[in-house]
Each structure stands twice: as structure tokens, then as C-alpha cells.
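S.K.: Just a sequence and a predicted model for now, questions to come.
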Amino acid sequence: MKFNTIIDFMKKRKQLKKDELVITWPEPLDMLSVNNKDGKVIVTDIEAEEFRITTEEGAIECAGLTGNYGELRSAMGALKLESSDFMNLFMETEMGRLTAAGVSSERYHLVTELGK
């Protein structure tokens, strides 16, 4: 399933104060892939075998995720992961803060080049 949004166009309209795309998925997934250019990505309470969440210039906030592989990447944004469980966790940001609270994993790969 693929969603295309017109968020960039919508931001130019002053009467729209908050642009959001909310997807609710009640069953486990094989894979959840989110690719975003700029803006915050929030993912909560999802079970999937594999998570691949990337953004170029925005933060990623996740909570309540369960899966085999979790990958969170941002070139210029903070990564925050809470109350989640993975077999393998990969978090990487060039210029942002990494936060992992209440997260369990057998293998961790956490990288930030210019952040905390």
C-alpha cells in the first residue's frame, strides 16, 4: 500500500495549521516502510516483522512498536523510540539526538555523528 500526499502544497495555505496523515492498522504487518522528505514522522502501537522509517530533515518519534527488525534513519532530525521490542534495532542520524527509553533488543546499532 502506498500513500502520496500533497503536504508541501498544503503548507503554503495559511489556514492549514497542522498537516497530518493518520493511518490506523489493527493487524500485524510484514513490513512498514515510511519515506519522508521533511517533517516529523510519528508511528505508534504497530506490530510488524520489519520497520524502515526514514526522513531527510525531520524527527522520528515511535512508541509501542514490536518486530524483528527496526530501522530509524534521519539525516537532520532527532530519533526517539520508546516502549518497543525488537530482535535487531538500527538507529542512525547525522545531526540529531538519539533517545531509546524502555526499548529491548538483542542487537543494537545506534549512531549519531553530530548529536547526543
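M.R.: Ah, there it is.
S.K.: For the chain, just list every one of the helices.
M.R.: All helices of the chain, identified by DSSP state H, fall at 7-11.
S.K.: For residue 73, give me its contacts.
M.R.: By C-beta atoms under 8 Å, 6 or more residues apart in numbering, the residues touching residue 73 are 53-55, 79, 90-93. C-beta here means a position set from N, CA and C on the backbone, and glycine is covered the same way.
S.K.: and with 10 Å instead?
M.R.: For residue 73, the contact set (C-beta atoms under 10 Å, 6 or more residues apart in numbering) comprises 35, 52-56, 60, 79, 90-94, 111.
S.K.: Could you tell me the per-residue confidence at it?
M.R.: Predicted confidence (pLDDT) for residue 73: 96.
S.K.: Need the nearest residue in space to residue 39, chain neighbours excluded.
M.R.: Of all residues not flanking residue 39 in the chain, residue 58 sits nearest, at 4.5 Å (C-beta to C-beta, 6 or more residues apart in numbering).
S.K.: Ok, residue 92 next?
M.R.: Using C-beta to C-beta, 6+ apart, the closest residue to residue 92 is residue 111 (4.4 Å).
S.K.: residues near the one you found, how many?
M.R.: If you count neighbours by other C-beta atoms under 10 Å, residue 111 ends up with 12.
S.K.: quick one: pLDDT of it?
M.R.: 94.
S.K.: For residue 86, list the residues it contacts.
M.R.: Residue 86 touches 50-51, 65-71, 103-108, counting by C-beta under 10 Å, 6+ apart.
S.K.: What's the separation between residue 59 and residue 31?
M.R.: To residue 31, residue 59 is 22 Å away according to C-beta to C-beta, to the nearest Å.
S.K.: what about those two, which has more around it?
M.R.: Between residue 59 and residue 31, counted using other C-beta under 10 Å, residue 59 has the larger neighbour count: 18 against 11.
S.K.: Quick one: residues contacting that one.
M.R.: Taking C-beta under 10 Å, 6+ apart as the contact definition, residue 59 lies against 39-42, 74, 76-80, 93, 96-97.
S.K.: Buried ones among those residues?
M.R.: Among those, those classed as buried by 16 or more other C-beta atoms under 10 Å are 39, 41, 74, 76-80, 93, 96.
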